[in-house]
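Colleague: can't give you the sequence, but here's the structure:
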């Protein structure tokens, strides 16, 4: 996460002084980096949630899916992870173990920091272009 934010900062550092075609390329690279980094962060946590659910933790599965889903698939974990990423909440999936709560808390905090940093960068870049 820090490497992607540093990469974005480097790309956007001298965008104002660059010729229009170079500035557009740098802005496009920064936007693509943001998108890929955001998807990567939540996909990484998807894998962690599945690992904890299927035996990584010794407290049981740690997640309670609605509709009596006993054997959730990858899409279920993806849904849980991206819901935390976009809304900082767990929606209709319950967290039922301490280790899963720790992982969910870490995910929520990292998501908040990442989203806040990206918002601050966007405001800064927008203000500098005016």
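Modeller: Noted; the coordinates are in hand. It should be emphasised that the depicted structure is a prediction, and the values quoted were computed from it without experimental measurement.
Colleague: residue 112 against residue 88, yeah?
Modeller: Yes - at 6.1 Å, residue 112 counts as touching residue 88 under the criterion of CB atoms under 8 Å. (Each C-beta comes from the backbone N, C-alpha and C, glycine too.)
Colleague: what stretches of this structure score poorly on pLDDT?
Modeller: 1, 56-60, 125-126, 128-130 (pLDDT under 70).
Colleague: quick one, phi psi at residue 64?
Modeller: phi -120, psi 110 (degrees, to the nearest 10).
Colleague: skipping adjacent residues, who's closest to it in space?
Modeller: In space, residue 64 comes closest to residue 94 once its chain neighbours are excluded; the distance is 3.8 Å by CB to CB, 6 or more residues apart in numbering.
Colleague: distance of that neighbour from residue 81?
Modeller: Between residue 94 and residue 81 the distance is 15 Å, computed by CB to CB, to the nearest Å.
Colleague: quick one: which of these two has more around it?
Modeller: Neighbour totals were compared for residue 94 and residue 81, and residue 81 leads with 24 against 12 (other CB atoms under 10 Å).
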